[in-house]
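> sequence and predicted structure are below.
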Amino acid sequence: MALNEEVGLGLEFLNYYSDLTKKKFTLKEINRVFGGASKETYKVKLFDANKEEVNLIYRRSQKSSLIETDQLTEYSAYLAFQDSSVPVPRTIAIEETSDKLGAPFIIMEELKGLAASPFDSSAYSPFEEAIGKKFWKILAEITLKDISDPAFTNLDGPKDNEKPWKRELDHWVKVINSDSIGVEPILEAAIRHLYKKPPQDSSRKCLVHGDYRNGNFLTEGEDITGILDWEMAHIGDPLEDLAWALSPIWSWEDHSKPAYLIDREEALRIWSRSSQIEIDKEDLSWWELFSCVKGLAIWISAGHEFTSGDNTDPINLFSAWIPGDIHTEIILNTLEKELN
Amino acid sequence: MKPDINTALVFSAQEITSRFLPLLKEEYDQSRLGSWGGLMLIASLQLDSAADNLYKENQQISLWFQSKLDLVDDKILKKRMIDVSSMEVEDIKISTLDKHNQSLRAVFVEVQEILEGLGNITALKESWVILREMHGHRKISPLLSVLQNKT
């Protein structure tokens, strides 16, 4: 987007926000945040009538997005966790149509803190221990959230007797079949394996963040100030988020410390104790392999967007090349081991 | 001899990241251009060996199919194994070799599924050796650290 377009977007936003709050503001600056492939995210700084700075996050749907989700899912999750032990931004507004500003969007207050790259092994240094304990405890708290909360009415989830594992696997296999631009035998072998050896039916269904990992939360010193990117939230199996967060892709240079935080065994202990869920190792292994398939579905989808020309953001090419490569290798390592 | 494409791509990537990226004011634009530089660098490193890798993969899978024909009862699949492994390619363009590779992969998936059904561990282990080599040809994750600050 050219600079002028961005300023134009900022001025449109300013008018919308002034109307919404019935107050007068001026635009200080608007800057797009790099990295989010599912939404265009902007940091908007406004001045109010007293020249006090107001910092907002403005997330717009893209014409083409890596993960096709609606804004309501993310907004509902934020709403459900306002003023809770799971830190999220304060919600301000949602527009589900393109009528107001040309695309659906949500507005939130900007939180303090920084988001790290999930591939930066020293991102949380020297606070890995403190952040790690909080990271796994917060994930457990998400599983404890009452899913009858009215905010979750619109979330996807298993219907009637549908099994959470099958619903998720079917969903991502469908994405792969629709977006794949080539045959990947390693991925196909993983899909066959998952259907052949399903996990036990989960004893309880819970809220699943859908993309809980390093890179999707904000930190300030040793504090986690916000859990972000809830656009894939749904109702499902508690082990789904756990396995995704544990995936070696998010700690590629040191597999012993998932998310580049604390030791895997300690992470599991914290999660299990806080969620009051006993972890079945075989089931967790299933979900960890599933994480690779889900990941590859996302990276394949990104590659498809790029190849088709619908979205030539380099993040889509990067996703298809590097994370796609890593998840393929994790499957390879896992299934080779099973055979021996 | 003219400078090769790989060298041109490497220098382009370097120029993008060292000369043009600092000129951009917006952090988003800097990150986006930096990503292109990094991805161009990866492309340059992959380009030289791409045709050779595909050629070797196609030969390896073809030979493996021929050695496994006796294990496959399905006549249609057996014929496809023979046809695809004996296919002559018109040229050695990357796109041509890749097209052949995709045909081989599609049959490979079916053969591997049959071997799983038979529980033939020896043949399955062979199939995973091939997959390991194929993955090795495309593996670019070791370059992650190179890209880390550019994406």
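Right, received. Where do you want to start? Predicted, not measured: the structure shown is a model, and the values here were computed from it.
> could you use CA atoms for every contact and neighbour count after this?
Noted.
> helices or strands up against the longest helix anywhere in chain B?
Longest helix in chain B, counting residues (DSSP state H): helix B:27-68. Using 3 or more CA pairs under 8 Å, 6 or more residues apart in numbering or on different chains; DSSP states H and E as the contact test, the elements touching helix B:27-68 are strand A:26-33, helix A:314-339, helix B:5-15, helix B:75-85, helix B:94-118, helix B:121-138, helix B:144-147.
> got these as TSV, with mean neighbour count and mean pLDDT columns?
Below are the helices and strands packed on helix B:27-68 laid out as TSV (neighbours: other CA atoms under 10 Å in any protein chain shown; pLDDT from 0 to 100):
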stretch	mean neighbour count	mean pLDDT
strand A:26-33	18	94
helix A:314-339	19	94
helix B:5-15	16	92
helix B:75-85	16	98
helix B:94-118	18	97
helix B:121-138	16	96
helix B:144-147	16	68
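> distance to residue B:30 for the ones you listed - can I get that in CSV?
Output for the helices and strands packed on helix B:27-68, formatted as CSV (distance: least, CA to CA, whole Å):
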stretch, distance to residue B:30
strand A:26-33, 11
helix A:314-339, 12
helix B:5-15, 13
helix B:75-85, 46
helix B:94-118, 32
helix B:121-138, 28
helix B:144-147, 14
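> who wins for proximity to residue B:26 among these?
Nearest of the helices and strands packed on helix B:27-68 to residue B:26, taken as CA to CA: strand A:26-33 at 7.4 Å.
> ok, the closest one: who's next to it in the sheet?
If you go by DSSP bridges, strand A:26-33 pairs up with strand A:39-47 (antiparallel).
> list the buried residues in the partner strand.
A:39-47 (16 or more other CA atoms under 10 Å in any protein chain shown).
> after that strand, next one along is what?
As assigned by DSSP states H and E, the chain's next helix or strand after strand A:39-47 is strand A:53-61.
> on the three-state scheme, the residue lying farthest from the centre of chain B is what?
Within chain B, residue B:25 marks the point farthest from the mean C-alpha position, 36.8 Å out by CA atoms, centre = their mean. Secondary structure, DSSP: H, G, I helix; E, B strand; the rest coil: residue B:25 is coil.
> how many neighbours does residue 20 have?
Let's take chain A. Residue A:20: 11 surrounding residues under other CA atoms under 10 Å in any protein chain shown.
> you looked at the wrong chain, it should be chain B
Residue B:20 has 13 nearby residues by other CA under 10 Å.
> now residue B:26
Close neighbours of residue B:26, defined as other CA under 10 Å, add up to 13.
> quick one: terminal-to-terminal distance for stretch A:304-312?
Distance between the two ends of stretch A:304-312: 10 Å, counting by CA to CA, to the nearest Å.
> how far does it sit from its chain's centre?
Distance of stretch A:304-312 from its chain centroid, counting by CA atoms, centre = their mean, to the nearest Å, is 21 Å.
> could I get the buried residue list for it?
Counting neighbours by 16+ other CA under 10 Å, one finds that the buried residues in stretch A:304-312 are A:304-306, A:311.
> contact partners for the residue of the stretch 201-340 of chain A found nearest chain B?
With CA to the nearest CA, the shortest gap between the stretch 201-340 of chain A and chain B falls at residue A:322, namely 5.6 Å. Applying CA atoms under 8 Å, 6 or more residues apart in numbering or on different chains to residue A:322 gives the contacts B:140-141, B:144.
> one more time with 10 Å, if that's ok
For residue A:322, the contact set (CA atoms under 10 Å, 6 or more residues apart in numbering or on different chains) comprises A:249, A:299, A:328, B:39, B:139-144, B:147.
> any idea how far it is from residue A:329?
Counting by CA to CA - residue A:322 and residue A:329 are separated by 11 Å.
> same question for residue A:75.
Between residue A:75 and residue A:329 the computed distance is 34 Å (CA to CA).
> low-confidence ranges, the stretch 1-150 of chain A, go.
Scanning the stretch 1-150 of chain A for pLDDT under 70 picks out the ranges A:1-4, A:36-38, A:63-69.
> that one: helices as residue ranges?
Shown for the stretch 1-150 of chain A, the helices assigned by DSSP state H, counting those that start in this stretch span residues A:3-21, A:71-80, A:128-144.
> and of these, who's closest to residue A:234?
helix A:71-80 (8.0 Å).
> counting by contacts, list what that closest one packs against.
Secondary-structure packing of helix A:71-80 (3 or more CA pairs under 10 Å, 6 or more residues apart in numbering or on different chains; DSSP states H and E): strand A:53-61, strand A:91-95, strand A:105-109, strand A:234-236.
> in the first one, what's buried?
The reference is to strand A:53-61. By neighbour count on 16+ other CA under 10 Å, the buried set for strand A:53-61 is A:54-61.
> circling back to that earlier point, tell me how far the residue of the stretch 201-340 of chain A closest to chain B lies from residue A:315.
Relative to residue A:315, residue A:322 is positioned 10 Å away (CA to CA).
> tabulate the buried residues of stretch A:304-312 in CSV, adding columns for pLDDT.
Converted to CSV, the buried residues of stretch A:304-312 look like this (pLDDT from 0 to 100):
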residue, pLDDT
A:304, 94
A:305, 90
A:306, 92
A:311, 86
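> ok, for residue B:132, nearest residue in space, not its chain neighbours?
Spatial nearest neighbour of residue B:132, chain neighbours left out: residue A:332 (7.1 Å); criterion: CA to CA, 6 or more residues apart in numbering or on different chains.
> how many residues are close by the closest residue to chain B within the stretch 1-150 of chain A?
Nearest residue of the stretch 1-150 of chain A to chain B, counting by CA to the nearest CA: residue A:34, 5.0 Å away. A count of neighbours around residue A:34, defined by other CA under 10 Å, yields 18.
> residue contacts, it?
The contact partners of residue A:34, by CA under 10 Å, 6+ apart, come to A:40-42, A:313, A:315, B:27-32, B:151.
> surely the residue nearest to residue B:132 touches residue A:293?
No - Residue A:332 is beyond contact range of residue A:293, at 11.7 Å (criterion: CA atoms under 10 Å).
> which residues do those two both contact?
Common neighbours of residue A:332 and residue A:293 (CA under 10 Å, 6+ apart) are A:187, A:190.
> shared neighbours, residue A:322 and residue A:315?
Common contact partners of residue A:322 and residue A:315 (CA under 10 Å, 6+ apart): residue B:39.
> residue 19: how many residues sit nearby?
Going with chain A. Residue A:19: 12 neighbours (other CA under 10 Å).
> I was thinking of chain B, sorry if that wasn't clear
The number of residues packed near residue B:19 is 10, by other CA under 10 Å.
> confidence score at it?
Per-residue confidence (pLDDT) for residue B:19: 93.
> need the contact list for residue A:46.
By CA under 10 Å, 6+ apart, the residues touching residue A:46 are A:10, A:14, A:17, A:24-30, A:52-56.
> what's the domain layout of chain A?
A:3-110, A:115-339 (automatic domain parsing).
> now render the ones you listed as JSON lines, adding distance to residue B:87.
Listed next are these as JSON lines, based on distance: least, CA to CA, whole Å:
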{"stretch": "domain A:3-110", "distance to residue B:87": "37"}
{"stretch": "domain A:115-339", "distance to residue B:87": "18"}
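> deepest-packed of these, please.
domain A:115-339 (a mean of 19; mean count of other CA atoms under 10 Å in any protein chain shown).
> how long is that domain from one end to the other?
Using CA to CA, one end of domain A:115-339 lies 39 Å from the other.
> who touches residue A:307 in this structure?
Residue A:307 makes contact with A:181, A:301, A:316-317, according to CA under 10 Å, 6+ apart.
> near chain B too, which of those?
A:181, A:317 (CA under 10 Å from any CA of the partner chain).
> hmm, residue B:144 is touching residue A:119, no?
Yes - with contacts counted by CA under 10 Å, residue B:144 reaches residue A:119, the gap being 7.7 Å.
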